[in-house]
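sequence and computational prediction follow.
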Amino acid sequence: GATVTIMYGFYQVGQGNIERNRQKVREREIRYNIAPLMQAEADREYAQRERAILAKEAEIMKNVPGWEVGKNPYNNGKWMPRAIYDFSREMK
């Protein structure tokens, strides 16, 4: 009797593992399917934030001769996106 009970318990554990793996695969498929939408949303937010930052830069630096809005002041030739954290909230 004890052997049958132990075998049944291992069977149930195995079935639970199979179901859990199927659930993980389903969740992963869902994540992969919505990833482009999430990236598009992040890109849209980045573009809005970039436009606001460039407008603020243009306003602040309007009296500086030779200043080009949006140009990298370090002149290293590499494009790097701005930091995601908006520091202007801390400065208010």
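Nice, thanks for sending it over. Numbering: from 1, shown residues only.

which stretches in this structure count as helices?
Secondary structure of the chain (DSSP state H): helices at 2-60, 88-91.

please identify the deepest-packed of these.
Mean neighbours per residue, mean count of other C-beta atoms under 10 Å, is largest over those for helix 2-60, with a mean of 10. Backbone N, C-alpha and C define where each C-beta goes, glycine included.

average pLDDT for it, rounded please.
Averaging pLDDT along helix 2-60 gives 94.

rewinding a little: and the helices of the chain as a markdown table, adding distance to P73?
Output for these, formatted as a markdown table (distance: least, C-beta to C-beta, whole Å):
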| stretch | distance to P73 |
| --- | --- |
| helix 2-60 | 10 |
| helix 88-91 | 18 |
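
closest to G70 out of these?
Of all the helices of the chain, helix 2-60 sits nearest to G70, with 5.2 Å by C-beta to C-beta.

so how far is the closest one off the chain centroid?
In terms of C-alpha atoms, centre = their mean, to the nearest Å, the centre of helix 2-60 is set 11 Å apart from its chain centre.

that older thread, how about the helices of the chain, which one is nearest M80?
helix 2-60 (12.4 Å).

which helices and strands sit right next to that closest one?
Judged by 3 or more C-beta pairs under 8 Å, 6 or more residues apart in numbering; DSSP states H and E, helix 2-60 is in contact with no other helix or strand.

so how far is N76 from V25?
V25 sits 44 Å away from N76, taking C-beta to C-beta, to the nearest Å as the criterion.

sorry, slip of the keys, the one I care about is N17.
N17 is 52 Å from N76, by C-beta to C-beta.

fine, thanks again, bye for now.
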